[in-house]
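In: need a structure here:
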Amino acid sequence: MRESLSDNNTPSPPPPPPPLLLLERLKDYGQEDAFALWEELSPEDRQLLIKDIENLDLPRIDRIIRCSFQSQGLPVAAIEPVPESSVSTLAKRTTEEKEKWYKMGIKAISDGKLGVLLLSGGQGTRLGSSDPKGCFNIGLPSGKSLFQLQAERILCLQRLAAQSVNEGSVSTTPIHWYIMTSPFTDEPTRKFFESRRYFGLEADQQGTIPCVSRDGRFIMETPYRVAKSPDGNGGVYAALKSSRLLEDMAMRGIKYLDCYGVDNALVRVGDPTFLGYFIDTGVAAAAKVVRKKNPQEKVGVFVRRGKDGPISVVEYTELDSSLASLTNQETGGLRFCWSNVCLHMFTLDFLNQVANGLEKDSIYHLAEKHISSIHGQTVGYKLEQFIFDAFPYAPSTALFEVSREEEFAPVKNASGSQYDTPDSARLLVLRLHARWVTNAGGFLTHSVPLYSTGVEVSPLCSYGGENLEAICRGRTFHAPCEIGF
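Out: Numbering: from 1, shown residues only. Modelled structure (predicted):
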């Protein structure tokens with residue numbers, strides 16, 4: 001490096017060395033290369049680097065890196081399909097069973113025992129937007145965002161729960177809605193909800209974790225900042241515990257937590273039938289599942305780890321294509337068919353246990369990615385935990401099959417892609433709501449083929465197709481349109 005000269009031609013003094021204690025701490029964990037470009041930094045950038053390193057929980061991060069790398073060489077129990085007999089299919093249950101579960105769920109909601117947790121740490125980059133996914137408008141007639149659709153379903157559910165106790169009641173039973181953000185989505189998410197008075201929300205923030213090279217060293221995004229990425233939606237367990245939100249839930253009397261991902265336009269937030277089924281079975285964890293469409297569909301699947309072993313999830317990237325294509329000779333469908341669509345229910349007691357277990361084991365998934373660094377695009381690892389990593393810790397798990405057409409409209413890819421787009425999600429919503437309207441005695445007219453359009457029923461009117469007769473019977477609606485109060 002060329003020395004600069006002062007006006008009297010004497011060399012400028014060398015920069016001060018890095019803080020000794022901080023450098024020694026980095027050496028303890030083999031990460032001293034974070035200070036490799038110290039001498040080239042301006043005084044301001046040196047302070048930014050010091051602050052960035054000081055904000056890292058180095059002992060915890062080192063434990064995660066070591067445990068995650070070591071786990072890669074360990075043998076994993078062979079996976080077995082979850083048999084059809086172990087899954088409760090809603091469509092095959094009797095009307096009496098469904099009504100019983102609905103009433104049990106509504107009673108628990110009216111008693112304030114249900115909390116709702118939305119996983120919203122991801123940006124809509126694949127949708128062509130830098131905003132949080134929940135802010136995205138999929139093009140429904142109302143123009144409502146995913147956040148607003150979900151908020152209004154909660155508002156409707158609160159009203160249904162209150163009316164189940166006192167018919168004609170205009171008061172509501174509060175459902176506490178917790179939203180997990182990340183540093184990339186926190187500020188715009190807060191602004192969105194502040195402008196709508198939060199809908200009773202309390203927001204928490206998903207963590208980040210450094211990206212590492214193939215030998216476990218920090219990747220530097222800039223000379224003064226370590227490259228970081230969100231620690232996966234499974235980071236919610238540590239976040240709930242460290243922020244004492246689990247204690248907050250217990251103080252509010254919450255016994256059950258409904259967890260779901262933001263990018264599903266048909267999600268039945270806090271579904272009382274699912275909640276009632278969950279309470280009735282007495283399990284610690286449950287998941288809604290839909291049947292996988294084909295071997296190539298990019299969804300994880302529920303499996304058993306070993307014969308009669310615990311239920312867990314294998315991501316589509318981790319499932320060998322030969323296994324993904326296996327056929328069930330009895331049904332003609334896929335053997336590994338139970339798709340994980342991020343619709344989960346947990347007891348609060350179990351969440352406390354799993355937060356401790358995951359933190360103790362410190363095993364994260366290693367996702368090999370191209371990461372922006374001071375050397376350009378560097379191949380390294382992002383370390384992630386997922387919400388489904390809880391299932392192997394559960395003493396008992398139930399799987400609840402629901403209709404894909406009624407409960408799963410993923411919004412993952414930009415319009416023009418082949419699948420899981422805003423256009424495909426919008427059409428699923430419009431088609432479902434059109435069936436609700438005709439079942440309630442309404443009629444539809446349309447200028448384009450009905451298979452390519454439909455109507456939107458405001459969640460403030462109906463949660464799942466109920467109570468529409470007074471609005472729809474004998475009336476004609478021109479598709480596409482929104483049906484509100």
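In: How many neighbouring residues does G139 have?
Out: 16 (other Cβ atoms under 10 Å). (C-beta placed from N, C-alpha, C; glycine too.)
In: Report the spatially closest residue to it, excluding sequence-adjacent ones.
Out: R426 (5.0 Å; Cβ to Cβ, 6 or more residues apart in numbering).
In: which residues sit in contact with the one you found?
Out: 138-140, 265 (Cβ atoms under 8 Å, 6 or more residues apart in numbering).
In: Redo these as a markdown table? Include pLDDT and distance to G112.
Out: Putting these into a markdown table (pLDDT from 0 to 100; distance: Cβ to Cβ, whole Å) gives the following:
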| residue | pLDDT | distance to G112 |
| --- | --- | --- |
| I138 | 94 | 32 |
| G139 | 94 | 36 |
| L140 | 95 | 31 |
| A265 | 97 | 28 |
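In: Just the buried ones out of those, please.
Out: 138-140, 265 (16 or more other Cβ atoms under 10 Å).
In: what's the next secondary structure element after the host helix or strand of E96?
Out: Assessed by DSSP states H and E, E96 sits inside helix 95-110. Downstream of helix 95-110, the next assigned helix or strand under DSSP H and E is strand 114-119.
In: so what pLDDT did the spatially closest residue to D423 that is not a sequence neighbour get?
Out: Nearest residue to D423, sequence neighbours excluded (Cβ to Cβ, 6+ apart): S415, at 5.2 Å. S415 carries a pLDDT value of 87.
In: Run a quick neighbour tally on S415.
Out: Residues lying near S415 (other Cβ under 10 Å) number 13.
In: what about E54, neighbour count?
Out: Neighbour tally, E54, other Cβ under 10 Å: 11.
In: What does it show for phi and psi?
Out: phi -60, psi -30 (degrees, to the nearest 10).
In: That one and L22 touch, don't they?
Out: Yes - at 6.9 Å, E54 and L22 qualify as touching, with contact defined as Cβ atoms under 8 Å.
In: Give the residue spans of the chain that score low on pLDDT.
Out: For the chain, the stretches flagged by pLDDT under 70 are 1-12, 73-77, 123-124, 167-172, 198-207, 485.
In: from the buried ones among the contacts of R426, which single one is nearest S164?
Out: Checking the buried ones among the contacts of R426 against S164 by Cβ to Cβ gives A265 as the nearest, at 26.5 Å.
In: Return the distance of the closest one relative to G139.
Out: 10 Å (Cβ to Cβ, to the nearest Å).
In: Check S322 too.
Out: For S322, the distance to G139 - Cβ to Cβ - is 39 Å.
In: With I109 instead?
Out: With Cβ to Cβ as the criterion, I109 and G139 are 31 Å apart.
In: do the same with P223
Out: Note on P223: its distance to G139, by Cβ to Cβ, is 43 Å.
In: Which residue lies closest in space to R404, excluding its sequence neighbours?
Out: V290 (4.1 Å).
In: which SS class is the one you found?
Out: strand (DSSP: H, G, I helix; E, B strand; the rest coil).
In: Now do the contacts for it.
Out: Counting by Cβ under 8 Å, 6+ apart, V290 has contacts 339, 341, 401-404, 407-408.
In: let's go with 7 Å and repeat that
Out: 339, 341, 401-402, 404, 408 (Cβ atoms under 7 Å, 6 or more residues apart in numbering).
In: Can you name the next helix or strand after the longest helix that the chain contains?
Out: Criterion DSSP state H: the longest helix present in the chain is helix 146-165. Proceeding N to C from helix 146-165, the next assigned helix or strand is strand 176-181, under DSSP H and E.
In: Make sure N340 is indeed in a strand.
Out: Yes - going by three-state DSSP, the assignment for N340 places it inside a strand.
In: wait, isn't it in contact with E297?
Out: No - at 11.3 Å, N340 does not count as touching E297 under the criterion of Cβ atoms under 7 Å.
In: R153 is in contact with P459, isn't it?
Out: Yes - at 4.4 Å, R153 counts as touching P459 under the criterion of Cβ under 7 Å.
In: need the helices for the stretch 151-300 of the chain, in chain order.
Out: Counting by DSSP state H, counting those that start in this stretch, residue ranges of the helices within the stretch 151-300 of the chain are 186-194, 236-242, 245-251, 272-281.
In: got a list of what G464 touches?
Out: R268.
In: follow-up on the earlier one: checking the residue nearest to G139 next. Helix, strand or coil?
Out: helix.
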